[in-house]
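S.K.: Structure here, sequence nowhere to be found:
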């Protein structure tokens, strides 16, 4: 094997290792979100506490992957698609870390709701359904990233509109609920924070999908219309 071939093989191995850590980090964040929603549903305070504890591991992984990407860029000086991949990874881990923060926010709000004495029990079926959709979006985004599948990424991005619609529907329901019983204002506000956190998780998944298109096509599709994004993904 020539020196150039050896360097190329090592570079590929370094990239594969970083991508593997990104997917592992994504799995941790997905677990955080699921635990937060499960704890919200059943009032399991120990489970909710584990969500917050898991945030430290996610934060540590973000720093680890970011440092690894910086070292690869400095050492290998990649260009074109390899450079786009590394830049997208740095952005992806930021979105994953922030999605983990949203899961922690859900857990904190849920603990407050379930420890309030005499708190009325509001229905959370809609929250759970939205959270399941957000987790599914995140899973699809990570799968598209793993396969660099622009078609799957574009399909996932379109689903963000449905999640936004669900958030607005929850807000309308809460406004009606509070008008009927003003004593529920505090609880309703906490549910708003949880619903917004779920909607933001969907936004972070959408961002990851957009990065996939950027890696493959070399086009920044942020802040474009959905139709323009889909045309680029399918071209």
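M.R.: That came through fine. Here the structure is a predicted model, which means the values were calculated and not measured.

S.K.: Give me the helices and strands touching the longest helix seen in the chain, please.
M.R.: Of all segments of type helix in the chain, defined using DSSP state H, the longest is helix 3-42. Applying 3 or more Cβ pairs under 8 Å, 6 or more residues apart in numbering; DSSP states H and E, one finds that helix 3-42 contacts helix 45-76, helix 80-115, helix 125-147. Using the backbone N, CA and C atoms, a C-beta is placed for each residue, glycine as well.

S.K.: Burial check on the closest residue to residue 226 other than its chain neighbours, number of neighbours?
M.R.: When the adjacent residues along the chain are set aside, residue 226 lies closest to residue 158, with 6.2 Å between them (Cβ to Cβ, 6 or more residues apart in numbering). For residue 158, the tally of surrounding residues (other Cβ atoms under 10 Å) stands at 13.

S.K.: Model confidence at residue 158, what's the number?
M.R.: If you check residue 158, the pLDDT there is 94.

S.K.: now swap in residue 125 and tell me
M.R.: 82.

S.K.: Just the angle for the least confident helix or strand in the chain by mean pLDDT relative to helix 45-76, thanks.
M.R.: When the helices and strands of the chain are scored by mean pLDDT, DSSP states H and E, helix 3-42 comes last with a mean of 88. For helix 3-42 against helix 45-76, the angle by axes from the mean of the first three to the mean of the last three Cα atoms, to 10 degrees is 160 degrees.

S.K.: Give me the buried stretch members for helix 3-42, please.
M.R.: Using 16 or more other Cβ atoms under 10 Å as the test for burial, helix 3-42 gives 14-15, 18-19, 21-22, 25-26, 28-40.

S.K.: same check, this time on stretch 60-75
M.R.: 61-62, 65-66, 68-69, 72.

S.K.: model confidence over it, on average?
M.R.: On average, the pLDDT along stretch 60-75 is 96.

S.K.: quick one: contacts of it?
M.R.: The contact list for stretch 60-75 (Cβ atoms under 8 Å, 6 or more residues apart in numbering) reads 11, 14-15, 17-18, 21-22, 24-25, 28, 78, 83, 86, 89-90, 93-94, 96-97.
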